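J.: no sequence for this one, just the structure:
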């Protein structure tokens, strides 16, 4: 006599952050962005699409988080031990290390929070890291910002936005940039004019559409969240660049306008471990277009034009991968 057992598929999933107090998770967070094509227009003269050796940035952080105390879906005390940090520029025909990016390697920091506020105090617990601004280090490397506010059914959609999402994307990269001092002029300048303004504006504008996907190929304890993002971000950094140029005593270069327009079109997935109540892996890839508009004072003001216009267009790809090791 044969017996057929039919099991009702699980219709709802509760996705929460609640690892066991005292438990630890070793993590690796990788980020890269590479631009492959370039076009430049100066006034009416276009130089078309140019083949280009990849130009970009690669960062990697290996660290371990110990959840000392938790409440209300977040840590109240977290110990983070940094194993290694690495950062490299991809330049034409070479790849070079980012100066100062390794400052936190071998160090540990402790985050202390309060149930009444989302803010954290962060202090250096182990090691020496001269010049590192540990008080500004991102706490949430658990991707809590992508979680829905309540229990959801398979196929359900919700949005994720704001600082928690930007922390998930750029928090690990900031671990390295925190060690870059003024003596690393190129690195600190790019961070000031590109990464930091993009993050600050992204806190308000970047938005992800999330969907709980039914995936029978996964282990029973894993839930898959599909991620989709399409955004345009406009950055006017004219004042910041002008201030920087005026501070260079040996430079007479001036600008009237400096705008950046980012177009980001990406998709990926987040795997959530419902047995451990924490993330398992995060993978995201996006096509990135960057349009740069620069207006310069006319060196020949008698010709009737107030300024010269330079337009630069870059096409590239950005990739994020964060895993529990």
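T.: Received it, and whenever you're ready, just let me know what you need. Since we're looking at a predicted model, the values are computed, not measured.
J.: Could you list the low-confidence segments of the stretch 1-150 of the chain?
T.: Applying pLDDT under 70 to the stretch 1-150 of the chain picks out residues 1-10, 44-54, 92-93.
J.: all strands of it, in order?
T.: Along the stretch 1-150 of the chain, the segments classed as strands by DSSP state E, counting those that start in this stretch run 12-13, 24-42, 45-71, 74-91, 94-97, 108-114, 117-126.
J.: Name the helix or strand for residue 217, please.
T.: Under DSSP states H and E, no helix or strand contains residue 217.
J.: dump the residue contacts of it.
T.: Applying C-beta atoms under 8 Å, 6 or more residues apart in numbering to residue 217 gives no contacts. All C-beta atoms are positioned from the backbone trio N, CA, C, and that covers glycine.
J.: Would you mind measuring from residue 119 to residue 111?
T.: Look at residue 119 and residue 111: by C-beta to C-beta, to the nearest Å, they are 10 Å apart.
J.: likewise residue 274?
T.: Residue 274 is 25 Å from residue 111, where distance means C-beta to C-beta.
J.: Between those two, which has more neighbouring residues?
T.: Neighbour totals were compared for residue 274 and residue 111, and residue 111 leads with 22 against 16 (other C-beta atoms under 10 Å).
J.: That one touches residue 69, doesn't it?
T.: No - with contact defined as C-beta atoms under 8 Å, residue 111 does not reach residue 69; the gap is 10.5 Å.
J.: what do those two both touch?
T.: Contact criterion C-beta under 8 Å, 6+ apart; residues shared by residue 111 and residue 69: 75, 77.
J.: what's near enough to touch the closest residue to residue 33 other than its chain neighbours?
T.: Excluding the flanking residues, the one nearest residue 33 by C-beta to C-beta, 6 or more residues apart in numbering is residue 318, at 4.2 Å. Going by C-beta under 8 Å, 6+ apart, residue 318 touches 31-33, 264, 266, 285-286, 288.
J.: which residues does the closest residue to residue 276 other than its chain neighbours contact?
T.: Excluding the flanking residues, the one nearest residue 276 by C-beta to C-beta, 6+ apart is residue 19, at 5.9 Å. Applying C-beta under 8 Å, 6+ apart to residue 19 gives the contacts 25, 67, 70, 276-278.
J.: Which of those sits closest to residue 233?
T.: residue 278 (29.9 Å; C-beta to C-beta).
J.: so the residue lying closest to residue 13 once chain neighbours are set aside bridges to which residues?
T.: Spatial nearest neighbour of residue 13, chain neighbours left out: residue 223 (5.2 Å); criterion: C-beta to C-beta, 6+ apart. Residues in a beta bridge with residue 223, per DSSP bridges, are residue 272.
J.: Please name the residues that touch residue 223.
T.: Going by C-beta under 8 Å, 6+ apart, residue 223 touches 13, 15, 212, 271-272, 274.
J.: pretty sure residue 238 is in contact with residue 260, am I right?
T.: No - at 10.3 Å, residue 238 does not count as touching residue 260 under the criterion of C-beta under 8 Å.
J.: These two: which has the busier surroundings?
T.: Using other C-beta under 10 Å as the criterion, residue 238 and residue 260 rank with residue 260 on top: 20 against 16.
J.: The more buried one: what's it in contact with?
T.: Taking C-beta under 8 Å, 6+ apart as the test, what residue 260 contacts is 194, 234-235, 237, 290-292.
J.: That one belongs to a strand?
T.: Yes - with DSSP: H, G, I helix; E, B strand; the rest coil as the criterion, residue 260 is part of a strand.
J.: Just the pLDDT for it.
T.: At residue 260, the model reports a pLDDT of 89.
J.: Residue 274 contacts residue 12, doesn't it?
T.: No - contact criterion C-beta under 8 Å: residue 274 and residue 12 do not qualify, at 11.4 Å.
J.: Of the contacts of residue 223 - the most surrounded one?
T.: Highest count within these by other C-beta under 10 Å belongs to residue 272, 24 neighbours.
J.: Dihedrals phi and psi, residue 240?
T.: Per-residue torsions, residue 240: phi -70, psi -40 (degrees, to the nearest 10).
J.: Before we move on, what's the pLDDT of it?
T.: Note on residue 240: pLDDT of 81.
J.: ok, it touching residue 196?
T.: No - using C-beta under 8 Å, residue 240 makes no contact with residue 196, being 9.5 Å away.
J.: just to revisit the earlier point, need the pLDDT of the residue nearest to residue 13.
T.: Here, the pLDDT recorded for residue 223 equals 97.
J.: Okay then, goodbye and thanks.
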